[in-house]
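Peer 1: Pasted the sequence and its predicted model underneath.
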Amino acid sequence: MANPSMEEAADDTTAPAAKASITHVVFDMDGLLLDTEGFYTLVQERILARYGKTFDWSLKAKMMGKKAIEAARVFIDEMGLEGLLTPEGFLEEREDMLQELFPTAELMPGVKRLINHLHAKGVPICVATGSHKRHFSLKTQKHGDIFSLMHHVVVGDDPEVKKGKPSPDVFLAAAKRFEGNVDPSKVLVFEDAPSGVAAAKNAGMSVVMVPDPRLDASYHEGADQVLSSLLDFDPSSWGLPPFEDV
Ligand SMILES: O=P(O)(O)OC[C@H](O)CO
Ligand SMILES: [Mg+2]
C-alpha cells in the first residue's frame, strides 16, 4: 500500500459486520475506472486562464463527480464569472477539447485485475457515473472488454437520476437494476470524488474512496475506507472472494 496512514484513518469508521456482508459492487467511472479527470482539469485551466484566473484543487473538489450542468454552475459561481460566461457557454466551450481527449482515456491502475476478478467470481458489478451517455460512449470506446463485464451502467442523464451526486439518485438506480431486491447496506461503492462519497452514504451504502493525492485529506471524511490505488484493495476484508494471486 502506497500510503498506510490513509487506510488506517478511514478503516476505523466501519463496523466489521458491515464490511463482511457486501454482495454487490458499484463503480464510479471518471477518476476511478478511467483516468479522465485530468482532461477536465486541463480544459478548465485553459478557460480560466483567459480570465486571468487559476484553477485549483479546492474548485476541482467541488466540481468533480457532478453532472455537467451542475459542475458548470459551480465553476461560474466560485470563479465569479457571472455576466462573463454562462454555464451553457462554458459547457459549449469545453466540448470541442473534451471530445478530442475522451477517446484517449486510459484505465486507472488496478481496474482490470479487480473487475476481471469480481466478474469471474460472479459478484454483480455495475457503473454509476455523473457523465452523460454521449461522453460515456466516447470515454469507453477503447475499453469494451472491461465495460462489457458490467451488469448495467447508469449514466448522469438517465431519467431516474433527477439530481447529480451528492444526491443518492444514481446509486439507488444502480442498486435497483441488479437482479432481485438489493439491500443498499450490502452494496459497496468505489468513488474518487467528495460528492460521490456523499452520494453513496446518502444511499445507505458503504464506500471505498480512491482519491487523487492532490485532493485535500479533509475531503476523505465520510468514506469507510480510503486507498491510494485500487491495487491496494483487499476484497476479502469486505466479505468478497479473495484474490488468488496473492
Ligand atoms: O466521476 P463520475 O464518473 O461520476 O463522472 C462525473 C463527471 O463526468 C466528471 O467529474
Ligand atoms: Mg469520479
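Peer 2: Perfect, I can see it now. Ligands and ions are numbered 1, 2, ... in the order given.

Peer 1: Any figure for the gap between Gly52 and ligand 2?
Peer 2: Separation of Gly52 from ligand 2 (CB to the ion, to the nearest Å) stands at 29 Å. Just so you know, the C-beta spots here come from the backbone N, C-alpha and C atoms, and that holds for glycine as well.

Peer 1: Next, count neighbours for that residue.
Peer 2: 6 (other CB atoms under 10 Å).

Peer 1: Now do it against ligand 1, distance only.
Peer 2: 25 Å (CB to the nearest ligand atom, to the nearest Å).

Peer 1: Just the pLDDT for the closest residue to Thr140 other than its chain neighbours.
Peer 2: Counting by CB to CB, 6 or more residues apart in numbering, Phe147 is the residue found nearest to Thr140 once chain neighbours are left out, at 4.9 Å. Phe147 carries a pLDDT value of 98.

Peer 1: likewise Ala10?
Peer 2: 47.

Peer 1: Report the contact partners of the residue nearest to the spatial centre of the chain.
Peer 2: Per CA atoms, centre = their mean, the C-alpha nearest to the average position across the chain is that of Asp28, at 3.3 Å. Neighbour list for Asp28: Gly65, Val127, Ala128, Thr129, Val189, Phe190, Glu191, Asp192, Ala193, Gly196 [criterion: CB atoms under 8 Å, 6 or more residues apart in numbering].

Peer 1: The nearest residue to Pro184 once chain neighbours are set aside: helix or strand, and which one exactly?
Peer 2: In space, and not counting its chain neighbours, Pro184 is closest to Gly204: 4.0 Å by CB to CB, 6+ apart. Per DSSP states H and E: Gly204 is located in neither a helix nor a strand.

Peer 1: Quick check: phi and psi on Gly204?
Peer 2: Backbone torsions of Gly204, given as degrees, to the nearest 10, read phi 80, psi 20.

Peer 1: what about it, distance to Ser167?
Peer 2: Per CB to CB, to the nearest Å, Gly204 is found 13 Å from Ser167.

Peer 1: for Val26, same thing?
Peer 2: As judged by CB to CB, Val26 and Ser167 stand 15 Å apart.

Peer 1: Please compare the two by neighbour count and tell me which comes out ahead.
Peer 2: Val26 (28 against 19).

Peer 1: For that one, give me the pLDDT.
Peer 2: 98.

Peer 1: Based on its surroundings, how many neighbours for the residue nearest to Pro184?
Peer 2: 15.

Peer 1: I'd like the distance between it and Gly164.
Peer 2: Where Gly164 is concerned, Gly204 sits at a distance of 18 Å (CB to CB).

Peer 1: just checking, next helix/strand downstream of the helix or strand hosting Ala71?
Peer 2: Following DSSP H and E, the helix or strand that holds Ala71 is helix 68-78. Per DSSP H and E, helix 68-78 leads on to helix 87-101 as the next helix or strand towards the C-terminus.

Peer 1: buried ones in that following helix?
Peer 2: Pro87, Phe90, Arg94, Met97, Leu98, Leu101 (16 or more other CB atoms under 10 Å).
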